[in-house]
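Enquirer: Mind folding the following:
(one chain, ligands or ions: 2)
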Amino acid sequence: MNLIKSTTGHEATSSNPNGEGKRQTIDLQNGSEVVFIPRFLSFEESWKWFHYLNKEIPWTRPIIRVFGRSCVQPRDTCYIASSGLPELVYSGYQPHAYSWDDFPPLKDILEAVHKTFPGSSFNSLLLNRYKGGNDYVGWHADDEKLYGSTPEIVSVSFGCDREFLLRKKPSKIPQGITMHFFVRHFRLILYLCTSVTVFYMQVQTNKRVKGEPPSKRLKKNRQSDQHSFTLKHGSLLLMRGYTQRDWVHSVPKRAKAEATRINLTFRRVL
Ligand SMILES: O=C(O)CCC(=O)C(=O)O
Ligand SMILES: [Fe+2]
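Expert: Numbers count the residues shown, from 1 in each chain. Ligands and ions are numbered 1, 2, ... in the order given. Below is the predicted model:
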């Protein structure tokens, strides 16, 4: 069963020591990495979790601010954190932090996650409930300062399958390069652009002669900048390294997804 729709060819598959089946490691390059475990929890156990979470969690649908406008968050949420941690604030919203002791069974999943990733030590959990295909999370990175520069985020999914997308952030113009720089060096930049274009056209002509159709090559480049995972019932996806700095992710609306999905994201507040 291959749940990854697009990969870069940098993926490795290995058997997992904790008995949760295969794990796939996807190297996103430049220090970003995703680990995907399609069957982290068994099907039956996952349904028990789904029903517990659906019923016992005090779900809320808060008002958040996006691009300066207030709107209802398009999914339910709840937040759990160890005591004494700095408050989480995202999109102008500060969720109430419940204690792990309010939901003791959640400590079991936390333990299973820690066992799967030795050395990890998550101390907070943001829960999401998507009540159907109209609920979603838009493009974002979990790059809040309280998680540090290389946060590790583990996401465990229950219920309805949903697609999880990762897309590389556009690369930034290096600091110090201003409009003034462009005006001052306009002729040099124009010359360089023309040279690069001519060189590129020559390379393309050369490659076409050699045989591989240009559309295939373009597709390869685009593929390494975006990835799609189907997050099924009981699956786990970990993002680490510079994934939050260099990539954004989303769970888009899906007209065909009618049923509820619950997702747990474990994080470490520094
Ligand atoms: O539901 C998911 O799989 C992702 C949720 C997410 O990105 C978040 O809570 O920050
Ligand atoms: Fe996220």
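Enquirer: low pLDDT regions in the stretch 151-270 of the chain?
Expert: Along the stretch 151-270 of the chain, the model assigns pLDDT under 70 to residues 173-223.
Enquirer: at 80 what do you get?
Expert: Low-confidence regions of the stretch 151-270 of the chain, defined by pLDDT under 80, span residues 172-223.
Enquirer: Most proximal residue of it with respect to ligand 1?
Expert: Checking the stretch 151-270 of the chain residue by residue against ligand 1 with C-beta to the nearest ligand atom singles out residue 263 as nearest, at 3.6 Å. In short, each C-beta sits where N, CA and C put it, glycine included.
Enquirer: quick one: that residue is in a helix?
Expert: No: using DSSP: H, G, I helix; E, B strand; the rest coil, the assignment for residue 263 is strand, not a helix.
Enquirer: List the contacts of it.
Expert: Listed by C-beta atoms under 8 Å, 6 or more residues apart in numbering, the contact partners of residue 263 are 127-130, 155-158, 231, 251.
Enquirer: could you redo the last one with a cut-off of 10 Å?
Expert: Applying C-beta atoms under 10 Å, 6 or more residues apart in numbering, we find residue 263 in contact with 53, 75, 126-130, 137, 155-159, 162, 164, 231, 237, 251.
Enquirer: Kindly report the same for residue 261.
Expert: The neighbourhood of residue 261, defined by C-beta under 10 Å, 6+ apart, consists of 50, 75, 128-133, 135, 157-162, 231-233, 251, 254.
Enquirer: What residues are bridge-paired with it?
Expert: As for beta bridges, residue 261 partners with residue 130, residue 159 under DSSP bridges.
Enquirer: ok, now how distant is it from residue 157?
Expert: Summarising the geometry, the distance separating residue 261 from residue 157, computed by C-beta to C-beta, to the nearest Å, is 7 Å.
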